[in-house]
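Colleague: Give me a model of this one.
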Amino acid sequence: MVLIDGIKMLAVPLWRSYLAGCILLGIAPCTAMVLVWGYLSRGNDGLTLVMVAINSLTMLLLYGVLGGFLLGVGRLPVPWQALLLSIGIYVALPLFAGYLSRRWIISAKGEAWFKARFLHVLTPITIIALLITLVLLFSFKGEVILGNPLTILWIAVPLFIQTVLIFCLGYALAKFLKLRYEDAAPAAMIGASNHFEVAIATSTMLFGLSSGAALATVVGVLIEVPVMLMLVKICLNTQSWFHHEAN
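Modeller: Numbers count the residues shown, from 1 in each chain. Next up, the predicted model:
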């Protein structure tokens with residue numbers, strides 16, 4: 001532990017800090033942006049929502065365990081309290097708030113109004129909020145990204161390989177299982193995408209905003225957005241490989 005401006009931070013070698021950021025990003029299953037990728041690829045929105053719910057519960061139960069285990073394997077310090085606090089704030093609290101708000105709105109307005117009115121209003125707000133988050137993230141790290149292109153490249157290459165490899169495995173498995181395209185596209189997308197908000201928040205809490213871990217998670221976002229758009233295009237161009245939902 002070291003003191004930086006009166007705040008206790010974990011002191012680790014820079015390359016291990018990058019590794020920690022990649023670990024925290026890689027084990028965070030997507031629960032937000034995949035809604036956008038599924039919509040753009042014309043996937044099954046219902047399936048996407050179910051997978052998002054499963055990912056949220058998975059993160060709630062396993063993110064801290066997997067994060068602590070893999071950080072330990074990488075010979076990095078494992079501050080369990082900070083890990084659990086991050087999960088509570090960024091996973092458990094939104095999940096619980098969403099559950100309560102849904103029940104309250106349906107009891108007050110009815111399920112038909114919730115689906116026909118509320119969700120249609122909420123969807124564009126969600127997308128705008130995600131875009132604002134991306135802009136803020138890059139504004140905080142923009143100078144570092146522009147000033148260290150080679151470092152960014154070394155972080156980006158394995159993250160790019162991971163994203164494409166997981167997508168290909170998921171897409172090929174969906175083809176093997178003879179899924180409809182509307183199910184195959186979001187299933188492959190959600191496997192490849194990551195919950196970068198939780199990863200960035202956790203790495204910042206553990207190692208500090210100016211750490212290599214925080215930079216690695218931001219680079220993950222920098223890589224994920226254009227790569228996922230590329231994968232969306234691949235899905236749209238390969239729709240003929242799969243069965244389609246009957247209209």
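
Colleague: Strands of the chain, start to end?
Modeller: Per DSSP state E, the chain carries strands over the ranges 2-4, 7-9.

Colleague: Out of those strands, which gets the lowest mean score?
Modeller: Here the lowest mean pLDDT among the strands of the chain goes to strand 2-4, at a mean of 46.

Colleague: Quick check, central residue of this structure?
Modeller: His195 (1.6 Å; CA atoms, centre = their mean).

Colleague: Show me the contact partners of stretch 185-192.
Modeller: The contact list for stretch 185-192 (CB atoms under 8 Å, 6 or more residues apart in numbering) reads 29-30, 34, 37-38, 41-44, 47-48, 51-52, 55, 163-164, 166-167, 169-171, 174, 179, 228, 231-232, 235. Quick note: C-beta positions are derived from backbone N, CA and C, even for glycine.

Colleague: and with 7 Å instead?
Modeller: For stretch 185-192, the surrounding residues in contact (CB atoms under 7 Å, 6 or more residues apart in numbering) are 30, 34, 37-38, 41, 43-44, 47-48, 51, 55, 163, 166-167, 170-171, 174, 228, 231, 235.

Colleague: Kindly report the same for stretch 88-98.
Modeller: 56, 59-60, 63, 197-198, 201.

Colleague: now these: which count as buried?
Modeller: 56, 59, 63, 197-198, 201 (16 or more other CB atoms under 10 Å).

Colleague: could the residues you listed go into CSV alongside distance to Tyr90 and pLDDT?
Modeller: Output for those, formatted as CSV (distance: CB to CB, whole Å; pLDDT from 0 to 100):
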residue, distance to Tyr90, pLDDT
Ser56, 11, 79
Met59, 9, 77
Tyr63, 10, 77
Glu197, 6, 75
Val198, 5, 77
Ala201, 5, 76
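
Colleague: Can you list the low-confidence ranges for this structure?
Modeller: 1-15, 73-79, 119, 123, 126-127, 130, 133-134, 137-148, 208-210, 243-247 (pLDDT under 70).
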